[in-house]
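>>> Here is my input; please provide its structure:
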Amino acid sequence: MLSLKSPNSKIMWSIKLILIIVTLLSIANFTFEYGVKITSEQKTIDFPSFYWASDALFNHHVSPYDFNYLQSNTEKKIFPFLYPPPSVILFYPLSLFEYKNALVIYSIINHLAIIAAIFLLIKIFNYKYLSIQSLLLTIIIYNSYPLIENIYSGQVSVIVLVFLLIFILLKDTFQTIACLALALAIILKMYPVVILPVLLINKKYKLLITTTSLLILLTLGSTLFIPSFVWNDWLVNVVPSGGYGEYPEGLTDVSLFDNKGVNGVFAEILIKQDPSKVMNYPVFAKAATYGICIALVIITFLVVYRYIDQNDRKALEKIVFVTLPLIFLIAPFSWTHHIITIYPTIIYLLMIYFQASLKKPKLQMLFIILIILIIFKTSTVIEIFAAISMLWLLMLETIIKQKSLLPSPQIALQPSELHD
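Below is the predicted model:
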């Protein structure tokens, strides 16, 4: 242990003090700019959809998927509510307040979710609180563009991230709570459902059965509070418009709304070639999108099945970390704020590729460039797509080559093998 009187110790304490100050300033600035100012000026983009959808169902008995009704409540542009019916119950508390007060409460919840996510990440990756690593992590997250976009828009990606991190952290000690968290993430955003078949492939039967059972119970329970006409509206009008090459009523065309997954990339290419085809998604492009997404899923499943070590204590983490970028790539709609759900994968790969034993400066530099593209700038659709694709490939490579943050197991010698 370093003595406080040693020069090295004084330097480290000075660095840590500076990082603590920068951390506090980052949190304060973010909270003011994207907490106080956003709520006072009521500039959020997606929150109105959540609020008016909740208000429509619970206060006026109108379908939350009735876009024209939602738009009639405000003069500002509003986006359609697309989440599955059970998720409306999670937004029920908003309907108990006037819009302005609900926005303040929702903003507070979102900011608390950021803090919770950081604490969970620190716990999962075994950082010490107030260590240089945890302080740097906090600074980077609070200054990252996807987080800014999430809070500015009034989105739920941070809350989804918290549910996923709870699942990862508690999977071994409190499995029911962990599975409930995963079920809530699926109900809220649907896309994390991709994790379930990966659990099956990796023979995590107990986690799979518990999560599926809770998901079914929550869905069936929601039917007691959600009228049948809401389910019908969602199945008939929302689900069919959520496929590749489609877009729901009231939502700007996928190619014009910064969609960064496979679906958005094909739309981006079509815009540059022939703007007249934006509204009529060509059959070959739709087929190619489905084909590529299916291929990405199959490749991921095969790698998990073939290379994940059942005895690896971190096997489940690897499953989730490789699934998160996959979800982003194959989701019909992948906006910038969704990138925040990939942060655990980025941190994990960062630790893998910057281990002291790894001497690959070119690969490390590539990873730094990827992080800059993904986190610190408003990159183009193609740049983000390429960066997320590279993260997915790096995660696959990590699984195939059995890389781990755990130390290599030591072979215990029998007494007879020991020399005097």
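
>>> ok, residue 165 to residue 351 distance?
Residue 165 sits 16 Å away from residue 351, taking C-beta to C-beta, to the nearest Å as the criterion. To be clear about C-beta, it is placed using only N, CA and C from the backbone, and glycine gets the same treatment.

>>> Between those two, which is the more surrounded one?
residue 165 (24 against 14; other C-beta atoms under 10 Å).

>>> What is whatever helix or strand the more buried one lives in packed up against?
Assigned by DSSP states H and E, residue 165 belongs to helix 157-170. In this structure, helix 157-170 packs against helix 99-124, helix 145-153, helix 175-189, helix 315-330, helix 343-353, with contacts taken as 3 or more C-beta pairs under 8 Å, 6 or more residues apart in numbering; DSSP states H and E.

>>> Dump these into TSV; add mean pLDDT and distance to residue 32 as well.
Below are the helices and strands packed on helix 157-170 laid out as TSV (pLDDT from 0 to 100; distance: least, C-beta to C-beta, whole Å):
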stretch	mean pLDDT	distance to residue 32
helix 99-124	92	11
helix 145-153	87	12
helix 175-189	93	28
helix 315-330	87	30
helix 343-353	85	23
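
>>> Would you tell me which of these gets closest to residue 292?
Among those, the nearest to residue 292 by C-beta to C-beta is helix 315-330 (8.4 Å).

>>> Which strands and helices lie in contact with that closest one?
Helix 315-330 sits against helix 157-170, helix 195-201, helix 283-307, helix 343-353, helix 381-400, with contacts defined as 3+ C-beta pairs under 8 Å, 6+ apart.

>>> okay, the angle between the third one and helix 381-400?
This points to helix 283-307. 20 degrees (axes from the mean of the first three to the mean of the last three C-alpha atoms, to 10 degrees).

>>> Buried residues, helix 283-307. List them.
By neighbour count with 16 or more other C-beta atoms under 10 Å, helix 283-307 contains the buried residues 285, 286, 289, 290, 292, 293, 296, 297, 300, 301, 303, 304.

>>> The first one contacts residue 266, doesn't it?
Yes - under the criterion of C-beta atoms under 8 Å, residue 285 lies in contact with residue 266, with a separation of 4.9 Å.

>>> want to try a markdown table for the helices and strands packed on helix 315-330, with distance to residue 177 as columns?
As requested, these are exported to a markdown table (distance: least, C-beta to C-beta, whole Å):
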| stretch | distance to residue 177 |
| --- | --- |
| helix 157-170 | 5 |
| helix 195-201 | 16 |
| helix 283-307 | 24 |
| helix 343-353 | 18 |
| helix 381-400 | 26 |
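
>>> who's in contact with the closest residue to residue 318 other than its chain neighbours?
Among residues not flanking residue 318 along the chain, residue 399 sits closest, at 5.6 Å (C-beta to C-beta, 6 or more residues apart in numbering). If a contact means C-beta atoms under 8 Å, 6 or more residues apart in numbering, then residue 399 has 303, 304, 307, 308, 318, 322 as its contacts.

>>> Please report how far residue 399 lies from residue 121.
21 Å.

>>> try residue 186
Counting by C-beta to C-beta - residue 186 and residue 121 are separated by 21 Å.

>>> out of these two, which sits in the busier spot?
A direct count of neighbours by other C-beta under 10 Å for residue 186 and residue 121 places residue 186 higher, at 27 against 21.

>>> got any ranges where this structure has weak pLDDT?
1-8, 245-246, 249-257, 267-282, 310-313, 355-367, 370, 373-379, 403-420 (pLDDT under 70).

>>> give me that answer again for 50
1-4, 254-255, 275-279, 407-420 (pLDDT under 50).

>>> which residue is nearest the middle of it?
residue 341 (1.8 Å; C-alpha atoms, centre = their mean).

>>> Stretch 139-154 spans what distance, first to last residue?
Its start and end residues considered, stretch 139-154 measures 21 Å (C-alpha to C-alpha, to the nearest Å).

>>> Return the set of buried residues in it.
Buried, per 16+ other C-beta under 10 Å, within stretch 139-154: 139-142, 144-154.

>>> picking up where we left off before, gap between the residue nearest to residue 318 and residue 178?
21 Å.

>>> For the helix or strand encompassing residue 13, name the packing helices and strands.
Under the criterion of DSSP H and E, residue 13 resides in helix 7-31. With contacts taken as 3+ C-beta pairs under 8 Å, 6+ apart, helix 7-31 sits against helix 132-142, helix 145-153.

>>> Can you add distance to residue 90 and give those back as TSV?
Compiled in TSV, those are given as follows (distance: least, C-beta to C-beta, whole Å):
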stretch	distance to residue 90
helix 132-142	24
helix 145-153	17
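
>>> quick one: which of these is nearest residue 38?
helix 145-153 (6.3 Å).

>>> Need the residues that contact the closest one.
30, 34-35, 38, 43-47, 107, 110-111, 114, 141, 155, 157-158, 335-340, 374-378.

>>> CA-only coordinates of that helix in CSV, if you can.
Written as CSV, here are the backbone C-alpha positions of helix 145-153 (Å, rounded to 0.1, in the frame of the first residue of the first chain):
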residue,chain,number,x,y,z
TYR,A,145,-24.4,11.8,-26.4
PRO,A,146,-26.7,8.8,-26.2
LEU,A,147,-27.5,9.6,-22.6
ILE,A,148,-28.1,13.2,-23.5
GLU,A,149,-30.4,12.1,-26.3
ASN,A,150,-32.3,9.7,-24.0
ILE,A,151,-33.0,12.3,-21.3
TYR,A,152,-33.6,15.1,-23.8
SER,A,153,-36.2,13.0,-25.6
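
>>> From residue 330, how far out is residue 290?
For residue 290, the distance to residue 330 - C-beta to C-beta - is 10 Å.

>>> swap that for residue 150, please
In terms of C-beta to C-beta, residue 150 sits 20 Å off from residue 330.

>>> again with residue 305
In terms of C-beta to C-beta, residue 305 sits 18 Å off from residue 330.

>>> again, but for residue 21
42 Å.

>>> neighbour count winner among these two?
A count of neighbours by other C-beta under 10 Å puts residue 330 above the other of residue 21 and residue 330, at 23 against 11.
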